[in-house]
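In: Pasting the sequence and the predicted coordinates here, then a few questions.
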Amino acid sequence: PSEGGKVFLPEGTYSIDATVTIPSFVTLEGAGYGTHLQVANSANVSVFANSDTSNGNSHIVLRNFRIDGNKANQTEQAHGIYFNNISTSTIESLWIEEVETDGIYFDTVTHSKIAKSWVERAGSYGIVLTNNSENNIISHTTVQNCDGYGIAIYSDNNSVSNNEIWYNDGGIYIDSARNKIVSNNIQYNIYYCGIRVWDDGEYNIISNNVLKFNNGYRAQLYLVNASHNTVSENVVSYSYYLGGSGYGGIALEHVSNYNKVIGNLVELNNTHGIALYHNSAGAPAYNIISNNILKNNSRTANNTYSEIYLSSAAPGSTYNLVSGNTIMCDAANKAKYGIYEDSNVDSNIITNNLVRCGETAKIYVQGANTTLAGNRTGESDEALFQIKSANTTRSILKVSSASSTAPIISVNASSTAQLLKLT
């Protein structure tokens, strides 16, 4: 009804040969999976759209029925739901399957939600938010076996949480979007990246997600030209890469600056655990890699990859803080280095890490201006603070182990004289 109201669809199969347009303040509700709306052969239409794309609609609710796009018998692009210029609406408890293009497509949609739904075998993406579709929530929804990304976001200020994303070409894709919360999602067996933040993706929070058994091109959690993001408390494990070595678990590349990678569990990935690649602008990166647990990465090749890898690709990733991480290994294939800083990389601070892994070396640093301090490798403990000059590295405070005969506290003014010695 044009004035609003509720329409109930009982169980049965309904053939759709033209797009159903929904006005404002209308609820369309079915009786569950048995309420089956199927696109007719060769109809080539989206199933639902809002009625007024010029002036906009609001307060539309679609709930508790199945949309079948019948894509095997379509020849042109069509969506399950296409909303354009709409606000304050709800898609809930729907099954959307076999659509020719995207399962749900939001174009300039605000303050709306997608919840408790199932999107499967879409010919392109499962769910798309684009063109200033802001302040929306996608939650408790399963997206699987789609030919594109499970969820793709091109707009700011959205929340993606508590979803399950399985067997899609890609997981969650964030492109040129800010202030987004991506949390508590589970992603398995994704062909491309599990979570990818791309081109000016800024001020996003990616937390408490589980990413496992993803192909990981280039990494399971991959930031490219993305800055000021927080990646925290995620589990990233068992990546594999069919096209070559890949980057492994978590990777930051190109102009990815001022990001925080904190408190993640990164284990059993095929190549590197956490990798920082070149900053193509040549500016300092200022990323923080701290309090992560890395274990048994370099899974596919012994003595080949690193648990934390700072890449040599010119001009290198510089001025990063790598601090407080715990690095361990007990698998047959072990990392070549616990922490590796390649050539063209400099001025990083690597401090207070516990490194018990590295077949060639626990920590290997090449930058002339990189600071090492307070790391524990099981072989020797470094000074808590160090000053590096062109010709020497001098401890200004050193606390030795209980078994050592060296001073408990030693303050050096030069390489030959001690100002203070307490034994």
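Out: The structure has been received and is ready for your questions. This is a predicted model, so every value here is computed, not measured.
In: For beta bridges, what are the partners of the closest residue to residue 317 other than its chain neighbours?
Out: Distances taken as CB to CB, 6 or more residues apart in numbering place residue 276 nearest to residue 317, at 4.1 Å, with adjacent residues excluded. The way it works is simple: take the backbone N, C-alpha and C, and place the C-beta from them, glycine included. Beta-bridge pairing for residue 276 (DSSP bridges): residue 252, residue 310.
In: contacting residues for residue 276?
Out: 251-252, 256, 285, 287, 289, 309-311, 317, 320 (CB atoms under 8 Å, 6 or more residues apart in numbering).
In: Could you tell me how far the residue nearest the centre of the chain is located from residue 97?
Out: The centroid of the chain falls nearest to residue 195 when counting by CA atoms, centre = their mean (3.2 Å). Applying CB to CB, to the nearest Å, the value for residue 195 to residue 97 is 24 Å.
In: quick one on the thing from earlier: ok, so of the contacts of residue 276, who is nearest residue 130?
Out: When those are ranked by distance to residue 130 (CB to CB), residue 256 comes first, at 22.9 Å.
In: mind checking how far the closest residue to residue 311 other than its chain neighbours is from residue 317?
Out: Once flanking residues are discounted, residue 311 sits nearest to residue 277: 4.3 Å by CB to CB, 6+ apart. For residue 277, the distance to residue 317 equals 6 Å [CB to CB].
In: ok, the two, which is more surrounded?
Out: Each of residue 277 and residue 317 has its neighbours counted (other CB atoms under 10 Å); residue 317 has more, 30 against 22.
In: circling back to that earlier point, the residue nearest to the centre of the chain touches residue 208, doesn't it?
Out: No: contact criterion CB atoms under 8 Å: residue 195 and residue 208 do not qualify, at 12.0 Å.
In: Now do the end-to-end distance for stretch 152-165.
Out: Terminal residues of stretch 152-165 are spaced 12 Å apart (CA to CA, to the nearest Å).
In: same check, this time on stretch 336-353
Out: 17 Å.
In: now stretch 82-97
Out: Per CA to CA, stretch 82-97 runs 14 Å from first to last residue.
In: quick one: average pLDDT of it?
Out: Across stretch 82-97, the average pLDDT comes to 98.
In: How about stretch 352-365?
Out: 96.
In: again with stretch 308-325
Out: pLDDT averaged over stretch 308-325 gives 88.
In: Kindly export it (C-alpha atoms) in PDB.
Out: Output in PDB follows, covering the C-alpha atoms of stretch 308-325 (Å, rounded to 0.1, in the frame of the first residue of the first chain):
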ATOM      1  CA  ILE A 308      58.200 -10.100  11.400                       C
ATOM      2  CA  TYR A 309      59.600  -8.800   8.100                       C
ATOM      3  CA  LEU A 310      60.500  -5.200   7.200                       C
ATOM      4  CA  SER A 311      61.000  -5.300   3.500                       C
ATOM      5  CA  SER A 312      63.800  -4.000   1.400                       C
ATOM      6  CA  ALA A 313      61.700  -2.700  -1.500                       C
ATOM      7  CA  ALA A 314      63.000   0.800  -2.100                       C
ATOM      8  CA  PRO A 315      62.600   3.100  -0.300                       C
ATOM      9  CA  GLY A 316      61.700   0.700   2.500                       C
ATOM     10  CA  SER A 317      59.500   1.000   5.500                       C
ATOM     11  CA  THR A 318      61.100   3.300   8.100                       C
ATOM     12  CA  TYR A 319      60.400   4.800  11.500                       C
ATOM     13  CA  ASN A 320      58.300   2.000  12.700                       C
ATOM     14  CA  LEU A 321      58.000   0.700  16.300                       C
ATOM     15  CA  VAL A 322      58.200  -3.000  16.800                       C
ATOM     16  CA  SER A 323      57.800  -3.600  20.500                       C
ATOM     17  CA  GLY A 324      56.600  -6.100  23.000                       C
ATOM     18  CA  ASN A 325      55.900  -9.000  20.600                       C
END
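In: Pull the distance from that stretch to the chain's centre.
Out: The chain centroid and the centroid of stretch 308-325 are separated by 19 Å under CA atoms, centre = their mean, to the nearest Å.
In: List the contacts of the closest residue in space to residue 350 that isn't next to it in sequence.
Out: Leaving out its chain neighbours, the residue that sits closest to residue 350 by CB to CB, 6+ apart is residue 322, at 4.7 Å. Going by CB under 8 Å, 6+ apart, residue 322 touches 289-290, 308, 310, 339, 348-351, 353.
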